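Visitor: Just need the structure, nothing else, for what follows:
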Amino acid sequence: MNIAMSDLDLGDDREAHRARKRAMQLDVVFAGEAGTLATREGDVGYARDDALITGTDGERWSVARARFDQTYVPVPPLRTGRPGRYCKRPKLVWAKTMRSAMSVQLDEGRGSLRAQPGDWLVQYGKGDFGVVSASVFAQTYELLD
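Guide: Here you go, the predicted structure:
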């Protein structure tokens, strides 16, 4: 199944839950040039200076630099913009367990992610979605309802 993410709002979905990312330290480097990152869910394009993040289970993902600077903080004594350990600022999101396989188109033509049954579809904002495996979701998010 292919869903138009611009038409989807998990806040209107009765099967979705409010969740919050746990405060965890993550390893971050910044891309020296544009490229493609092979994630567990699919290949994702990134631009020069975007953050390339490695999670607690070795999973990798990219975050556009402007969004990264708004949503992650360096672990002291690290200074912003340097490679090293960062934590995501607390943010409430909507999350839904996927019952069937689907493809999620990322914004700005960066690629698509494949969700399998049991994975979580996470909405960070309007039209801003990600796919998180069940095991990684259990380690890194807490359900609030």
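Visitor: What strand or helix carries residue 57?
Guide: Taking DSSP states H and E as the definition, one finds residue 57 inside no helix or strand.
Visitor: Show the pLDDT at the closest residue to residue 128 other than its chain neighbours.
Guide: The shortest distance from residue 128 to any non-neighbouring residue, by CB to CB, 6 or more residues apart in numbering, is to residue 107 (6.5 Å). C-beta coordinates here come from the backbone N, C-alpha and C atoms, glycine included. Looking at residue 107, its pLDDT is 71.
Visitor: what's residue 107 sitting at in phi/psi?
Guide: Main-chain dihedrals, residue 107, degrees, to the nearest 10: phi -70, psi 160.
Visitor: Give the buried residues for the helix or strand hosting residue 37.
Guide: Per DSSP H and E, residue 37 falls inside strand 35-39. By 16 or more other CB atoms under 10 Å, the buried positions in strand 35-39 come out as 37, 39.
Visitor: Same question for the residue sitting furthest away from the middle of the chain, what's its three-state structure.
Guide: Using CA atoms, centre = their mean, the residue of the chain lying farthest from its centre is residue 77. It sits 25.1 Å away. Here residue 77 is coil, with the state taken from DSSP: H, G, I helix; E, B strand; the rest coil.
Visitor: which residues touch it?
Guide: Residues near residue 77 by CB atoms under 8 Å, 6 or more residues apart in numbering: none.
Visitor: Mind listing the residues bridging to residue 85?
Guide: Beta-bridge partners of residue 85, counted by DSSP bridges, are residue 27.
Visitor: and it, what does it touch?
Guide: 25, 26, 27, 28, 74, 75, 78.
Visitor: Give me the distance between the closest residue to the first one other than its chain neighbours and residue 27.
Guide: Distances taken as CB to CB, 6+ apart put residue 85 closest to residue 25, at 4.6 Å, once the chain neighbours are dropped. Distance, residue 85 to residue 27, using CB to CB, to the nearest Å: 6 Å.
Visitor: How about residue 126?
Guide: Per CB to CB, residue 126 is found 29 Å from residue 27.
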